[in-house]
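1. Coordinates only, no sequence provided:
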């Protein structure tokens with residue numbers, strides 16, 4: 001049975017595409033037939049590469065299916081971008097048809113959202129959470145910023161997922177800095193508590209520019225549950241902050 005894994009972030013620019021690519025790279029290396037589905041792409045003109053194409057670029061020509069359902073030129077929420085462009089909204093039937101088609105021929109389908117979990121895709125309030133609810137057995141991977149303020153957004157997203165009965169596979173830090181500050185180091189222990197789900201990786205800042213070594217970078221940055229060999233306990237301990245006094 002095919003696995004459908006949704007990838008969302010706590011906000012924009014937190015590393016969703018890099019994490020999607022890292023998961024895809026390890027799946028392909030493991031011999032899984034893998035697809036990346038982007039339901040709604042914004043901020044990209046016709047003919048320009050979007051997030052799905054960026055995933056394919058990071059995989060360096062490895063076998064990967066990519067699909068994009070709707071695209072809007074302005075860098076706005078899918079709902080607002082559609083309204084301003086006069087182009088059609090994404091629909092649930094359109095999405096389900098795409099998922100059904102991809103799961104028929106793939107072992108893993110990664111669905112990358114736009115912005116955060118509750119960003120709207122249409123005027124009726126369609127969100128990525130609704131798309132996840134429409135797929136039986138779907139799981140969601142939450143990509144988070146590591147620094148100050150992230151615990152609130154992770155907690156809010158996790159509460160929204162629980163309210164909708166969407167399973168959370170885990171949380172991944174999308175851009176781990178080379179010199180983490182105090183809050184960032186402390187958040188390693190606090191993020192899985194806020195998410196109510198395990199910490200499954202930490203991609204270093206600059207991962208999208210890793211070039212030919214991207215798959216190996218993914219392997220050392222993602223936990224075994226995602227196909228890598230990253231150790232959450234060891235990583236957390238390496239950056240542990242002693243208690244004052």
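-> Received, thanks. None of the values given here were measured: they were computed from a predicted structure.

2. My guess is residue 119 contacts residue 77. True?
-> Yes - between residue 119 and residue 77 there is a contact under C-beta atoms under 8 Å: 5.1 Å. All C-beta atoms are positioned from the backbone trio N, CA, C, and that covers glycine.

3. Counting neighbours around each, name which of these two comes out higher.
-> Neighbour tally, residue 119 and residue 77, criterion other C-beta atoms under 10 Å: the higher count belongs to residue 119, 23 against 19.

4. can you map out the helices along the protein?
-> With DSSP state H as the criterion, the chain has helices at 16-29, 51-58, 78-85, 92-105, 128-133, 150-163, 182-195, 214-221, 232-238.

5. mind checking how far the shortest one is from the chain centre?
-> For helix 128-133, the distance from its own C-alpha centre to the chain's C-alpha centre is 14 Å (C-alpha atoms, centre = their mean, to the nearest Å).

6. Who are the packing partners of it?
-> Here helix 128-133 touches strand 3-9, helix 92-105, strand 108-116, going by 3 or more C-beta pairs under 8 Å, 6 or more residues apart in numbering; DSSP states H and E.

7. Nearest spatial neighbour of residue 204, chain-adjacent residues omitted?
-> Distance criterion C-beta to C-beta, 6 or more residues apart in numbering; nearest residue to residue 204, sequence neighbours excluded, is residue 176 at 5.2 Å.

8. Just give me the residue closest to the centre of the protein.
-> Closest to where the C-alpha atoms of the chain average out (C-alpha atoms, centre = their mean) is residue 7, at 2.9 Å.

9. Give me the pLDDT for that one.
-> Residue 7 is assigned 98 on the pLDDT scale.

10. follow-up on the earlier one: wait, which of the helices of the chain is closest to residue 35?
-> The closest of the helices of the chain to residue 35 is helix 92-105. By C-beta to C-beta, the value is 4.5 Å.

11. Deepest-packed of the helices and strands packed on helix 128-133, please.
-> When those are scored by mean count of other C-beta atoms under 10 Å, the highest mean neighbour count falls to strand 108-116 (a mean of 26).

12. With that, I have no additional questions.
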